[in-house]
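Engineer: Below are the sequence and a predicted model; questions follow.
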Amino acid sequence: MKKVWTGLAFWTLAALASLFLGAAALSPMELLTGADTTAGRIFLYVRLPRTAACLLAGGALSVAGCVIQNVLANPLASPNIIGVNAGAGLAVTVCCALGCLSGWAMAGAAFGGAFLAVLAVSLAAKWAGGSQTAVILSGVAMNAFLGAMSDAVTDLVPEAAAMSADFRVGGFGAVVPARLIPAGILILLALGAVLLLHRELEVLSLGEDLARSLGVNARRMRTVFLALAALLCGAAVSFAGLLGFVGLIVPHALRRFAGTECRVLLPLAAIWGGAFVTVCDLLARLAFRPQELNVGILLSALGGPFFLYLLSKRGGGQDA
């Protein structure tokens with residue numbers, strides 16, 4: 001319980017720092033003068049949606065990473081590495097090309113794209129022998145294919161390319177409530193479902209044979225958890241873009257001091273994932289102010305070396 005309270009304290013501090021720091025620093029006293037002031041408008045229409053988006057996207061991607069790693073029995077799997085984010089990204093790009101720009105339409109399409117991608121990777125890896133290396137290689141192939149499809153859509157429909165650059169890097173500079181609120185509702189519902197099913201995820205991570213012997217329908221629960229992970233990823237991607245490595249860095253860091261028990265790991269992933277992305281976004285805003293760096297660039301700079309480190313620790317990607 002102490003670990004949860006520590007995480008909540010850091011989560012709160014990260015949120016407050018994100019709300020009051022930036023290109024223009026705000027103070028609580030300025031906000032007390034009313035929402036019609038410049039400070040009030042910045043807080044209400046810029047800082048508040050952006051901070052909420054960071055907390056939601058970070059928590060969603062971190063928990064999705066935990067779920068995918070447990071279901072696929074592969075600690076190197078994460079939403080961006082195995083193509084889940086790319087599937088959601090392709091769906092959002094198609095939505096933009098078709099002019100379907102409502103928050104619900106984009107969040108729903110992103111979920112569908114992410115779910116199809118994770119199912120395809122899961123089936124391809126199983127067909128290739130089910131090894132951990134097969135999962136990663138299938139994900140690399142899926143990323144390349146889905147990226148090519150997204151490029152094709154933006155080439156054929158130039159209007160869809162207007163959002164392509166920032167979307168592919170990932171960031172929160174263009175977050176608006178109309179897109180954030182529907183996705184946020186889906187994220188909270190999916191997080192609640194995953195937390196309620198933590199025992200089933202724990203059993204499923206022990207292997208399908210053992211899960212069946214304990215009375216768990218392994219095939220059905222596997223599909224349920226992949227769908228929930230896809231919903232988390234798709235909803236986050238619909239407003240944050242293709243943020244990378246959050247679902248890899250946070251779960252691995254947490255397992256080092258919190259263990260692998262899903263009952264503890266999942267809520268901590270939601271808390272620390274949100275705080276981690278919020279802090280990274282704040283650093284990206286402050287590093288070159290008044291200009292700002294897309295947080296996806298910083299996350300990729302951190303995640304690339306981290307992934308290589310994990311590969312080296314696992315003997316160059318050989319299966320355990």
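Structural biologist: Done, it's in. Numbers count the residues shown, from 1 in each chain.
Engineer: Against Ala269, how distant is the residue sitting furthest away from the middle of the chain?
Structural biologist: In terms of distance from the mean C-alpha position of the chain, Thr33 ranks first, at 36.5 Å (CA atoms, centre = their mean). From Thr33 across to Ala269, the span is 39 Å (CB to CB, to the nearest Å). All C-beta spots, glycine's among them, are computed from the backbone N, C-alpha and C.
Engineer: related to what we said a few turns ago, any idea which helix or strand carries the residue farthest from the centre of the chain?
Structural biologist: Using DSSP states H and E, Thr33 sits in no helix or strand.
Engineer: For Ile81, which non-adjacent residue is spatially closest?
Structural biologist: Sequence neighbours aside, Gly139 is the residue nearest to Ile81 in space, at 5.4 Å (criterion: CB to CB, 6 or more residues apart in numbering).
Engineer: Show the pLDDT at that neighbour.
Structural biologist: Looking at Gly139, its pLDDT reads 83.
Engineer: before we move on, what about Ala161?
Structural biologist: Ala161 carries a pLDDT value of 63.
Engineer: what do you get for the one 4 residues further on?
Structural biologist: The predicted structure scores Ala165 at 61 on the pLDDT scale.
Engineer: what's the spacing between stretch 291-308 and its chain's center?
Structural biologist: Here stretch 291-308 is found 14 Å from its chain centre; the criterion is CA atoms, centre = their mean, to the nearest Å.
Engineer: Any buried residues in it, and which?
Structural biologist: For stretch 291-308, a neighbour-count test (16 or more other CB atoms under 10 Å) marks Glu292, Leu293, Asn294, Val295, Gly296, Leu298, Leu299, Ser300, Leu302, Gly303, Phe307 as buried.
Engineer: and it, C-alpha only, in PDB?
Structural biologist: Provided in PDB are the C-alpha atoms of stretch 291-308 (Å, rounded to 0.1, in the frame of the first residue of the first chain):
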ATOM      1  CA  GLN A 291       9.400  26.700 -28.400                       C
ATOM      2  CA  GLU A 292       8.500  23.100 -27.400                       C
ATOM      3  CA  LEU A 293       9.600  19.600 -28.400                       C
ATOM      4  CA  ASN A 294       7.100  16.900 -29.100                       C
ATOM      5  CA  VAL A 295       7.200  14.600 -26.200                       C
ATOM      6  CA  GLY A 296       7.300  11.600 -28.500                       C
ATOM      7  CA  ILE A 297      10.800  12.600 -29.500                       C
ATOM      8  CA  LEU A 298      12.000  12.500 -25.900                       C
ATOM      9  CA  LEU A 299      10.300   9.200 -25.300                       C
ATOM     10  CA  SER A 300      11.900   7.600 -28.300                       C
ATOM     11  CA  ALA A 301      15.300   9.000 -27.300                       C
ATOM     12  CA  LEU A 302      14.800   7.300 -23.900                       C
ATOM     13  CA  GLY A 303      13.100   4.100 -25.100                       C
ATOM     14  CA  GLY A 304      15.500   3.100 -28.000                       C
ATOM     15  CA  PRO A 305      18.600   2.700 -25.700                       C
ATOM     16  CA  PHE A 306      16.400   1.000 -23.100                       C
ATOM     17  CA  PHE A 307      15.100  -1.500 -25.600                       C
ATOM     18  CA  LEU A 308      18.600  -2.300 -26.700                       C
END
